[in-house]
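[1] sharing a sequence plus its predicted fold:
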Amino acid sequence: MPIPTEPIGSIPRPVELIEATAAHARGEVTDEELRRLQDEAVRDTIRRFEDTGSPVITDGEQTKPSFISYPLAGLTNLAGDGVVIPFADGHERRLPRLTAAPFRYFTHADAYTREAKKHAARPVKQAVIAASAMSLIYPQDGIDGYPHERFLADLIAEAQQDIRGALDAGAHDVQIDFTEGRLSVKLDPSKGLLRSFVDLNNKVLEGFTDDERSRIGVHTCPGGDQDSTHSADVDYAELLPDLFRLNVGNVYVQMASEKDRPRVLQIIKESVRPGQRVFVGVIDPLDPRVETPEEVRDQVLEAAEFLAPDQLGTGDDCGFSPFGDDTSTSRDTAFDKIRARVEGTRMAADKLGQAPAR
């Protein structure tokens, strides 16, 4: 029985591209030179992705500044003093703050999809940022003449356009990155913030048909960046029941790095809705050690004890380099890990063909 397997998104950028991007921001590299390096990185990433045997690939987010900020790069109505996201190792990432109306995406994800498909021979997946993450750029003290309700209406329209454009551009499926979900429980243990996030994202999803939502998924993880996380200490039991309220067909769940996988899988079994497929993470991008295919196989077989065959898929825990300047993992390591995921998933599928999941 085949088991679908997909990446989450990002691949570490070539060091030359990272350096050129920083130099471009300082005015030391031309637009043309940066575009040349970006194009080379996308081509190389897609070639190496396809060489792993992965049935679904991405462009590795080589030209995104980060998984969260790509819609905002180029906007002029932003300030740099927005919400701070602290990580366990002490480093921080900061979101921008919206300073004036209206809110619009400067870049939509279809641009990445169309470019990747020029070079790809395999189905291309597109990751997009959740509206709930974008909602954090609106300042707590508001914006004169631009009430929060109007901002949210504009945000929902832009997020819908982001997903719609990627689907229309031929994306195999679209993954909504929702790493702020687990973090929201840390910020607000009452889960009021989490539930408001879920409700907002569901308003975005209302703009799509059932068939379209079957090609839309949501990804959760504790936020991987520079080999650290922002919310791994939050119990999945506090997140997952609400996460599965999202009206999507696919749910991508970080799992390889969880300490008690059977417990979490039981929560998933109790929470998953009919028609939803769960892509369990079987690769830990934060661990420099490359998993063996046999280790991946065993994780898949473990998950198959809790999920029916038509509800099971595999993936990586999270992207390998969600922020453009992250050099904590090498490209070679990322592709070796993806190759292990593909082979281990195939081995598990062969095994389950002989002994169906309980």
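    The structure has been received and is ready for your questions.
[2] can you give me the offset of the longest strand belonging to the chain from its chain's centre?
    Longest strand in the chain by number of residues, with DSSP state E as the criterion: strand 277-283. Distance of strand 277-283 from its chain centroid, counting by Cα atoms, centre = their mean, to the nearest Å, is 12 Å.
[3] put the alpha carbons of the very next helix or strand once past it into PDB.
    As assigned by DSSP states H and E, the chain's next helix or strand after strand 277-283 is helix 293-304. Output of helix 293-304 as PDB, limited to C-alpha atoms (Å, rounded to 0.1, in the frame of the first residue of the first chain):
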ATOM      1  CA  PRO A 293      15.700   4.300   6.500                       C
ATOM      2  CA  GLU A 294      15.100   1.600   9.100                       C
ATOM      3  CA  GLU A 295      14.500   4.100  11.800                       C
ATOM      4  CA  VAL A 296      12.100   5.900   9.600                       C
ATOM      5  CA  ARG A 297      10.300   2.700   8.700                       C
ATOM      6  CA  ASP A 298       9.900   1.900  12.400                       C
ATOM      7  CA  GLN A 299       8.300   5.300  13.100                       C
ATOM      8  CA  VAL A 300       5.900   4.800  10.300                       C
ATOM      9  CA  LEU A 301       4.900   1.400  11.500                       C
ATOM     10  CA  GLU A 302       4.400   2.900  15.000                       C
ATOM     11  CA  ALA A 303       2.100   5.500  13.500                       C
ATOM     12  CA  ALA A 304       0.200   2.900  11.500                       C
END
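[4] in its sheet, what does the helix or strand just after helix 293-304 sit against?
    The C-terminal neighbour of helix 293-304 among helices and strands, as given by DSSP H and E, is strand 312-316. With DSSP bridges as the test, strand 312-316 is paired with strand 5-6 (parallel), strand 277-283 (parallel).
[5] please enumerate the helices of the stretch 101-250 of the chain.
    110-119, 131-134, 148-168, 180-187, 192-205, 210-213, 240-243 (DSSP state H, counting those that start in this stretch).
[6] these: lowest mean pLDDT?
    Mean pLDDT values for those show the minimum at helix 180-187, a mean of 94.
[7] dump that one to PDB, restricted to CA.
    Extracted C-alpha coordinates of helix 180-187, given in PDB (Å, rounded to 0.1, in the frame of the first residue of the first chain):
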ATOM      1  CA  GLU A 180       2.300  30.000  16.000                       C
ATOM      2  CA  GLY A 181      -0.400  27.600  17.100                       C
ATOM      3  CA  ARG A 182       1.700  25.800  19.600                       C
ATOM      4  CA  LEU A 183       3.400  29.100  20.700                       C
ATOM      5  CA  SER A 184      -0.100  30.700  21.300                       C
ATOM      6  CA  VAL A 185      -0.700  28.100  24.000                       C
ATOM      7  CA  LYS A 186       2.500  29.200  25.700                       C
ATOM      8  CA  LEU A 187       1.500  32.800  25.500                       C
END
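[8] identify the residues contacting that helix?
    Outside of helix 180-187, the residues within contact range by Cβ atoms under 8 Å, 6 or more residues apart in numbering are 85, 130, 132-133, 136, 191, 193-194, 197-198, 220-223, 230-231, 233-234, 236, 238-239, 242-243. Glycine gets a C-beta too; all of them are placed from N, C-alpha and C.
[9] thinking again about what came up before, for Ala166, which of the strands paired with strand 312-316 is the nearest?
    For Ala166, the closest of those is strand 5-6, at 14.6 Å, according to Cβ to Cβ.
[10] contacting residues around the closest one?
    Residues beyond strand 5-6 that count as contacts (Cβ under 8 Å, 6+ apart) turn out to be 54-56, 125, 173, 252, 279, 313-315, 341-342, 345.
[11] mind checking how far the residue nearest the centre of the chain is from Leu200?
    Geometric centre of the chain, nearest residue: Asp177, 3.9 Å, by Cα atoms, centre = their mean. Distance, Asp177 to Leu200, by Cβ to Cβ, to the nearest Å: 14 Å.
[12] immediately after the helix or strand containing Val42, which helix or strand?
    Using DSSP H and E, Val42 falls within helix 31-51. Per DSSP H and E, the first helix or strand lying C-terminal to helix 31-51 is strand 78-79.
[13] list the strands paired with that following strand, with their directions.
    Strand 78-79 is paired, per DSSP bridges, with strand 97-98 (antiparallel).
[14] run the chain-centre distance for the strand it pairs with.
    With Cα atoms, centre = their mean as the basis, strand 97-98 stands 23 Å off its chain's centre.
[15] so for that strand, mean pLDDT?
    Rounded mean pLDDT across strand 97-98 is 98.
[16] who touches that strand?
    By Cβ under 8 Å, 6+ apart, the list of residues contacting strand 97-98 from outside reads 77-83, 137-139, 143, 151.
[17] and the biggest helix by length in the chain, how far from the chain's centre?
    Identified as the longest helix of the chain according to DSSP state H is helix 331-354. Distance, stretch centre to chain centre, for helix 331-354: 20 Å (Cα atoms, centre = their mean).
[18] flag every buried residue along it.
    331, 333-335, 337-349, 352 (16 or more other Cβ atoms under 10 Å).
[19] got it, and stretch 68-87?
    In stretch 68-87, residues buried by neighbour count (16+ other Cβ under 10 Å) are 68-72, 75, 77-78, 82-83, 85, 87.
[20] again with stretch 245-256
    Residues of stretch 245-256 classed as buried under the neighbour-count rule (16+ other Cβ under 10 Å) are 246-256.
[21] and what of stretch 15-29?
    For stretch 15-29, by 16+ other Cβ under 10 Å, it's 17-18, 20-21, 24, 29.
[22] ok, those vs Thr327, which is closest?
    Nearest to Thr327 among these: Ile18, at 6.6 Å, using Cβ to Cβ.
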